[in-house]
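> Let's see this in three dimensions:
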Amino acid sequence: MRTIKDMPEHARPREKLRERGPQALTDEELVSAILGMGTAGVDVRTMAKQVTGLIREHKEKLSLSHLLEVPGMGLAKAAQILSAFELARRHLFKETVKITCARDVLPLVADITGKQQEYFVCISLNGANEVIEKRIVTIGLLDKSPVHPREVFADVIADRAAAVIFVHNHPSGELEPSEADLNIHRQLTEAGKILGIRVLDHVIVTRKGYYSFQEAGLLAHTT
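Below you'll find the model as predicted:
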């Protein structure tokens with residue numbers, strides 16, 4: 001196999017991308033363009049061929065350990081591949097998630113249900129109640145996570161969101177909202193009113209299940 005240096009300049013991946021756009025490149029050429037160059041004894045085209053095979057085999061489950069098995073592949077080059085994948089996943093290939101009830105929220109916050117600290121999460125939504133973004137706003141100690149409206153709504157405003165859903169976990173396993181939970185919810189709801197952003201629900205999650213302010217009729221009582 002010819003090395004990149006042996007190829008005419010117009011046929012090299014990065015030059016080809018410049019002239020014809022990324023859509024003109026094969027999978028192997030795209031990987032070559034990301035990697036840039038090979039290492040001592042291993043040409044970038046040889047590496048790209050093996051990496052492309054791994055991508056086709058593992059798809060979204062491609063991992064650092066998979067890439068590091070490729071001869072000549074070090075942490076820096078593996079990180080370039082995985083970082084490109086992650087950026088695409090975050091910004092180009094998100095599936096639209098529409099929230100119609102509290103249960104629709106649960107898959108989005110499954111990662112915090114068993115945490116030993118209290119996580120406060122804000123989910124911003126558009127006018128069709130489709131998820132724009134999920135963010136961890138604060139992480140507290142054991143069972144307390146101080147929350148300020150400024151921290152909660154700063155990114156929500158940048159999202160141009162029409163509504164929000166708040167979620168936090170209770171490491172204690174208790175599903176009922178505490179007085180502190182109710183107070184924080186009141187403050188955030190008032191802030192949302194001022195900003196013109198609707199609070200659709202506030203959900204408490206534990207390993208045992210969930211508690212929805214909306215289902216419990218607390219949204220009207222705390223506004």
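
> Could you check which helix or strand contains the most centrally placed residue in the chain?
Computing the C-alpha centroid of the chain and ranking residues by CA atoms, centre = their mean puts Arg90 first, at 5.5 Å. Assigned by DSSP states H and E, Arg90 falls within helix 75-91.

> Who are the packing partners of that helix?
Applying 3 or more CB pairs under 8 Å, 6 or more residues apart in numbering; DSSP states H and E, one finds that helix 75-91 contacts helix 27-35, helix 64-68. The way it works is simple: take the backbone N, C-alpha and C, and place the C-beta from them, glycine included.

> got JSON lines for the ones you listed, with mean pLDDT and mean neighbour count too?
Below are those laid out as JSON lines (pLDDT from 0 to 100; neighbours: other CB atoms under 10 Å):
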{"stretch": "helix 27-35", "mean pLDDT": "93", "mean neighbour count": "21"}
{"stretch": "helix 64-68", "mean pLDDT": "96", "mean neighbour count": "15"}
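
> Keeping just the C-alphas, turn stretch 50-67 into PDB.
What follows is stretch 50-67, C-alpha atoms only, in PDB (Å, rounded to 0.1, in the frame of the first residue of the first chain):
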ATOM      1  CA  GLN A  50      -7.900  -1.000  10.700                       C
ATOM      2  CA  VAL A  51      -9.700   1.800  12.500                       C
ATOM      3  CA  THR A  52     -12.400   1.800   9.800                       C
ATOM      4  CA  GLY A  53     -12.900  -1.900  10.400                       C
ATOM      5  CA  LEU A  54     -13.300  -1.400  14.100                       C
ATOM      6  CA  ILE A  55     -15.800   1.400  13.500                       C
ATOM      7  CA  ARG A  56     -17.900  -0.800  11.300                       C
ATOM      8  CA  GLU A  57     -17.700  -3.700  13.800                       C
ATOM      9  CA  HIS A  58     -18.400  -1.800  17.000                       C
ATOM     10  CA  LYS A  59     -20.200   1.300  15.800                       C
ATOM     11  CA  GLU A  60     -21.300   3.500  18.800                       C
ATOM     12  CA  LYS A  61     -19.700   1.000  21.200                       C
ATOM     13  CA  LEU A  62     -16.200   1.800  19.800                       C
ATOM     14  CA  SER A  63     -13.900   2.300  22.800                       C
ATOM     15  CA  LEU A  64     -10.500   3.500  23.700                       C
ATOM     16  CA  SER A  65      -9.300  -0.100  24.300                       C
ATOM     17  CA  HIS A  66     -10.500  -1.100  20.900                       C
ATOM     18  CA  LEU A  67      -8.500   1.600  19.200                       C
END
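
> can you list contacts of that stretch?
Stretch 50-67 has contacts (CB atoms under 8 Å, 6 or more residues apart in numbering) with 27-28, 31, 35, 70-71, 73, 75, 77-79, 81-82, 85, 89.

> Need the worst-confidence member of those.
Across the set of those, Arg89 stands lowest in pLDDT, at 78.

> Next, the contact list for that one, please.
Glu60 are the contacts of Arg89 under CB under 8 Å, 6+ apart.

> what residue ranges in the chain score low on pLDDT?
Where the chain drops to pLDDT under 70, the residues are 1-10, 93-94, 141-145, 220-223.

> Let me see the domain layout of it.
Per automatic domain parsing, the structural domains of the chain span 4-91, 102-222.
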